[in-house]
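Peer 1: Need the 3D shape of this:
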Amino acid sequence: MNCSKAIKNMSAYLDTELHDLERGQLEAHLIGCPACFQRLEELRALQTFFQPPLQNKAPADFAASVMGQINGQQSGSWFMKPCLVRFAEVITILLVISLGAVSGGILTKIMMPEEARITMVAGFSPETFESLPADSLARSYLNITEVRP
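Peer 2: Have a look, this model is predicted:
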């Protein structure tokens, strides 16, 4: 067997797919050819690199044990989580509204000259604000920014 044919048969040899005659010829060639033997060792190392790792099996009661631990941990705190989430949502909404109202008042004072603010506020008629419900967001904004007719 020549080197070219030996190289072509190396993968089949490693996969144990060669017939006895071809396997014998390849092994005889490998004994006498150090270059082909080195190539076979490199292919063997590469093949072991790509083999899947050994898989360990979990004990039979593993899933039941994990689920039992999960259920045990959740039982103590299931009531508090929704309350804390709702509380955090309310606080966040209030902070956003407060920041918007305060920044609107600050921007109005900074961006508009004093005489323009007086003219703007004087232009509001009391009827404009009477139609706003007392608990509306617009009425709250006007109360916080101190815009009065």
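
Peer 1: quick one: Lys8 and Ser65, what's the gap?
Peer 2: 53 Å (CB to CB, to the nearest Å). All C-beta atoms are positioned from the backbone trio N, CA, C, and that covers glycine.

Peer 1: ugh, typo on my part, it should be Leu46
Peer 2: From Leu46 to Ser65 the distance is 40 Å (CB to CB).

Peer 1: Could you do Thr16 as well?
Peer 2: For Thr16, the distance to Ser65 - CB to CB - is 41 Å.

Peer 1: go on, Leu107?
Peer 2: 60 Å.

Peer 1: And for Phe37?
Peer 2: Using CB to CB, Phe37 is found at 51 Å from Ser65.

Peer 1: Next: Asp20.
Peer 2: To Ser65, Asp20 is 51 Å away according to CB to CB.

Peer 1: Check the offset of stretch 53-66 from the chain's centre.
Peer 2: Put simply, stretch 53-66 sits 27 Å off its chain's centre (CA atoms, centre = their mean, to the nearest Å).

Peer 1: Only the C-alpha atoms, please, for it, written as CSV.
Peer 2: Extracted in CSV, the C-alpha atoms of stretch 53-66 (Å, rounded to 0.1, in the frame of the first residue of the first chain):
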residue,chain,number,x,y,z
PRO,A,53,-18.2,13.9,26.6
LEU,A,54,-19.4,11.1,28.8
GLN,A,55,-22.8,11.8,30.2
ASN,A,56,-23.6,11.1,33.8
LYS,A,57,-27.0,10.0,34.7
ALA,A,58,-28.9,11.7,37.5
PRO,A,59,-30.3,9.7,40.3
ALA,A,60,-33.8,8.4,39.9
ASP,A,61,-35.3,10.7,42.5
PHE,A,62,-33.4,13.8,41.4
ALA,A,63,-36.3,15.6,39.7
ALA,A,64,-38.7,14.9,42.7
SER,A,65,-36.0,16.2,45.1
VAL,A,66,-35.4,19.4,43.2
